[in-house]
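Novice: no letters, just coordinates:
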């Protein structure tokens, strides 16, 4: 008996919970967990339901479409590992954490390949018997390089792309191709310290807490919907390099937490924000 | 139009969400927020629903009892401040925080009176124009003193008793009279350091984090259902008195958070644990 | 036997710890705690020493000046409560926390008076038998109002001013008069969300952690040296008003922690940053 | 020019800081960072100094012994990676984190070998080209097995042993051989939940925060000196298996933080507690 995940979002109206739960009840499915949220600002309804049982997916979807508003988005899937392509540059800490988790099935994750613009992470990736694609940007125009990256990525059928400290900016076109399917880890507690070298910025500002932000990538750099944020206290004794070192552990934890949520279909994205059913 | 809170818990079975939401839908009530949880270990269902509308309470309750298992517990209330009697001894920090919050309506709280076994907090309580009852234990047997405390408490119609650093142990009889209605703040991160002077215990053990625990009181001292816990990092430089001072801020925050949850009817108690719909 | 606090900061050079500790040793003083820090970026040395004993202050200061660089700043004080004037507007939560701590001597704090531009906090302040000065800004030019505030403040001999949710901007002139002696609590995790209504900004950005920042006030609004920061996790279910309510507890804790540090002479300010010997 | 670390602990007396800093000053060494602590309960002095320069170690040590109390412990070392043997059983998460950090020199760590009582982690260790010793306990008496483990460990010249989820209890004799040199990660917020399956215990107690504790191992199981503790919030929705999964990230972070401190010679152990100069 499979485990299913049903996700619904639509304009809010009376009776939605009753109607949706009715479809599952009448098909004799076992509701395991149910989460709902109504965004009052936008009058929008979100629902995520885990259930098990003999599920005729077609019938369920038809029944739901018959009773829900036209503007509904419905997805119904079995719980399965998601296919991911990881993009990286030179820093290993987020990538190595993901490689270990992938090897031990700690997340709902199936890494298909790693694509990088430097070669230094190749030995790490090859330890784990995964394809490593070097797409160097040396001597290439930005557009040409991105096209080559895209070609490498598109040779796989990825549900999500993960930017594990990939230090190149992706064009709006690239992002739109993977709309709400690219997850980035930013090395600051956004919206503080957007842009380059946030740890040096944090050092110069003299903050007493630093952090990291995992977010979906959109066309505005560092401004995409936030999934998770993690912080740690720091003090005046730390150089910016020590802040960066301390931050690396926060980055990898924030990214792993965000991926756990996304890969278990717990995150809805709308209005540049996320609804997360933890 | 009032805001209502419906709380249901019962043995789990198929269709509960559908049935309950159906009653509200058919009475044309506006579901504002809905939380459910199924405890798989015990096969038990919990649901809390906020709704608004023209509610004929009798009818709703009858309709619900008609479709839910016999062993159900249902409560349906309007959102209103809860009446509380606070018990205290000599320490002011939790009490003063509650008095301020009460004065400014920061919590869903209506303090009726403070009952204490020492007189030192009287001036504080009287600043806020609340009744202060001294029930000294000097020269009294434990039973007689508790009877006097109980008499003072029972002269008020309290929904909950709050032990704001009340340093006397209450008998099982006393507790049963206010079953799941007495909230205590314990000055440790339970179950670490039960018993007397937990900060000195923490100092001697050399822990690197200390905490506080807000919990319902049951017949086993320091072992009641936990509502909230709060922690802060500490280090070797702190004396146990400094740990205690640092802990006081944690205690008052933990207690206030627990009260917010309880007084908004967000906490279910069963099997010596809590289900908390935050 | 008094407890003394010696604070030194000067350009770094070899032997400073040896020389300073030698002065104390030769005067047979009991070193209780010693903290040093060298800022390598600026080549600057900071030292704070607690000691007890028969201290001839003049002699100690002369001895220190004789062996330390000319550009040194030295202060030598007994540990005593610091005199503070609190500025407020309408919100009570930081002010009430300080009033309680003042009444119970929880901090090294002696509140002389509260100055406010609205009258709503008068009853609270008067409960604690402290002077309350209303300096309404109604119908006044900014300069005239600030002059009236300054007159009220200057009628007291304050070591520090505390802006406990005082919602008016102070001019550079005002600030320079109390250079590094005005502490503000900002309701965001600076440098995120400078400016007005940070909780609404945080809500709109969809952050997953909110915070508060206690800082010295300088001529650049919200950009003064940070003393302490505190954070709490939040999620998509919170309205911005609920974020603000949750934030209030963080604000009062951050302000109290900052004041504890400042009032115990643990904070040095230089280069728009703080060195904090916790 | 090397970086040196000088560690001193001895009964407290007047002038210790002055005397020690004098030795360094007169040898024209550059003091980089200095930390001191006096434990008033036991009248004991701790000092850790980082310095650089032309250091004649013999001379420095003689000079220090000439002026410090007889009961002093002094160590003077250059900053170098510490040699470590890791013991493990079946769980990978702490070990894999250390292997990655070792490979990338993230800590002051040089793993010599991994010794385990199961074979499942062999492929992981061999990915990183490190020796893996299987010492199965199958069909062996406890004493014989421990002797075999000890033999494997002693074939290396380890500064420290790290128990990275090694699930066998070590005898007092074993521990004494590596007194204050064995670091364990315990999967609870000690002293809560000593003994077996702490996550199940935490689940049954209904705690709202779980944690992990890195500590030196002594003859009393789970009671050795605590180095670091880490916590995360949990709630009623988590099964104990989910608590364990969430706890794994906390365990590996707590262990890595503890190792960073120990391997940088920042931790003193005395009276079953640690003094940590972070």
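Specialist: Right, received. Where do you want to start? Since the structure is predicted, the reported quantities are computational estimates derived from the model, not experimental observations. Residues are numbered from 1 along each chain as shown, chains lettered A, B, ... in the order given.

Novice: so what's residue A:98 up against?
Specialist: Going by C-beta atoms under 8 Å, 6 or more residues apart in numbering or on different chains, residue A:98 touches A:86, A:107, A:109, A:111, A:162, A:164, A:255, A:256, A:259. Heads up, the C-betas are built off the backbone N, CA and C, glycines and all.

Novice: likewise for residue A:145?
Specialist: Going by C-beta under 8 Å, 6+ apart, the list of residues near residue A:145 reads A:117, A:135, A:137, A:168.

Novice: thinking again about what came up before, adding distance to chain C, secondary structure and neighbour count, write the contacts of residue A:98 out as JSON lines.
Specialist: Formatted as JSON lines, these follow (distance: C-beta to the nearest C-beta, whole Å; DSSP: H, G, I helix; E, B strand; the rest coil; neighbours: other C-beta atoms under 10 Å in any protein chain shown):
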{"residue": "A:86", "distance to chain C": "23", "secondary structure": "strand", "neighbour count": "28"}
{"residue": "A:107", "distance to chain C": "19", "secondary structure": "coil", "neighbour count": "21"}
{"residue": "A:109", "distance to chain C": "21", "secondary structure": "strand", "neighbour count": "22"}
{"residue": "A:111", "distance to chain C": "25", "secondary structure": "strand", "neighbour count": "25"}
{"residue": "A:162", "distance to chain C": "18", "secondary structure": "strand", "neighbour count": "28"}
{"residue": "A:164", "distance to chain C": "20", "secondary structure": "coil", "neighbour count": "29"}
{"residue": "A:255", "distance to chain C": "14", "secondary structure": "helix", "neighbour count": "29"}
{"residue": "A:256", "distance to chain C": "15", "secondary structure": "helix", "neighbour count": "23"}
{"residue": "A:259", "distance to chain C": "15", "secondary structure": "helix", "neighbour count": "26"}
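
Novice: export these as TSV, with columns for distance to residue A:50 and pLDDT.
Specialist: TSV is the format used below for those (distance: C-beta to C-beta, whole Å; pLDDT from 0 to 100):
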residue	distance to residue A:50	pLDDT
A:86	27	98
A:107	17	93
A:109	19	97
A:111	25	98
A:162	24	98
A:164	28	98
A:255	24	98
A:256	21	98
A:259	19	98
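
Novice: pLDDT added to the contacts of residue A:145, as CSV?
Specialist: Formatted as CSV, the contacts of residue A:145 follow (pLDDT from 0 to 100):
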residue, pLDDT
A:117, 98
A:135, 98
A:137, 93
A:168, 93
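
Novice: quick one, which of these are buried?
Specialist: Among the contacts of residue A:145, those buried by neighbour count (16 or more other C-beta atoms under 10 Å in any protein chain shown) are A:117, A:135, A:137.

Novice: quick one: residues contacting the closest residue to residue A:213 other than its chain neighbours.
Specialist: Closest residue in space to residue A:213, ignoring its immediate chain neighbours: residue A:190 at 4.1 Å, by C-beta to C-beta, 6 or more residues apart in numbering or on different chains. Neighbouring residues of residue A:190 by C-beta under 8 Å, 6+ apart: A:213, A:215, A:222, A:226, A:229, C:192, C:205, C:207.

Novice: in helices, which of those fall?
Specialist: Among these, the members found in helices (DSSP state H) are residue C:205.

Novice: scan the contacts of residue A:190 and report the most crowded one.
Specialist: Ranked by neighbour count (other C-beta atoms under 10 Å in any protein chain shown), those have residue A:213 at the top, with 31 neighbours.

Novice: residue C:209 versus that one, what's the distance?
Specialist: Distance of residue A:213 to residue C:209, computed by C-beta to C-beta, to the nearest Å: 9 Å.

Novice: check residue A:50 too.
Specialist: Applying C-beta to C-beta to residue A:50 and residue C:209 gives a distance of 27 Å.

Novice: residue A:277 now?
Specialist: Taken as C-beta to C-beta, the span from residue A:277 to residue C:209 is 18 Å.

Novice: what of residue A:276?
Specialist: Distance from residue A:276 to residue C:209, by C-beta to C-beta: 13 Å.

Novice: ok, now residue A:42?
Specialist: Residue A:42 is 23 Å from residue C:209, where distance means C-beta to C-beta.

Novice: neighbour-wise, which of the two wins?
Specialist: Each of residue A:42 and residue C:209 has its neighbours counted (other C-beta under 10 Å); residue C:209 has more, 20 against 12.

Novice: neighbours around residue A:99, how many?
Specialist: Using other C-beta under 10 Å, residue A:99 has 24 other residues around it.

Novice: so it, which state does it fall into?
Specialist: Following DSSP: H, G, I helix; E, B strand; the rest coil, the label given to residue A:99 is helix.

Novice: does it touch residue A:111 like I think?
Specialist: Yes - applying C-beta atoms under 8 Å as the test, residue A:99 and residue A:111 come out as touching, 7.1 Å apart.

Novice: these two touch, right, residue A:185 and residue A:93?
Specialist: No - Residue A:185 is not in contact with residue A:93 according to C-beta under 8 Å; the separation is 9.9 Å.

Novice: shared neighbours of those two, anything?
Specialist: Taking C-beta under 8 Å, 6+ apart as the contact rule, residue A:185 and residue A:93 both touch A:165, A:251, A:252.

Novice: and the residue nearest to the spatial centre of chain A, how far from residue A:270?
Specialist: In chain A, the centroid-proximal residue (C-alpha atoms, centre = their mean) is residue A:183; its distance is 4.0 Å. Going from residue A:183 to residue A:270 by C-beta to C-beta gives 16 Å.

Novice: over to residue A:59?
Specialist: Residue A:59 is 28 Å from residue A:270, by C-beta to C-beta.

Novice: just residue A:115 next, same as before
Specialist: 29 Å.

Novice: quick one: contacts for the closest residue to residue A:172 other than its chain neighbours?
Specialist: Leaving aside its sequence neighbours, residue A:172 sits nearest to residue A:219 (C-beta to C-beta, 6+ apart; 4.2 Å). The neighbours of residue A:219, taking C-beta under 8 Å, 6+ apart as the test, are A:172, A:175, A:176.

Novice: if you skip the residues just before and after it, what's nearest to the last one?
Specialist: What it means is residue A:176. Leaving aside its chain neighbours, residue A:176 sits nearest to residue A:219 (7.5 Å; criterion: C-beta to C-beta, 6+ apart).
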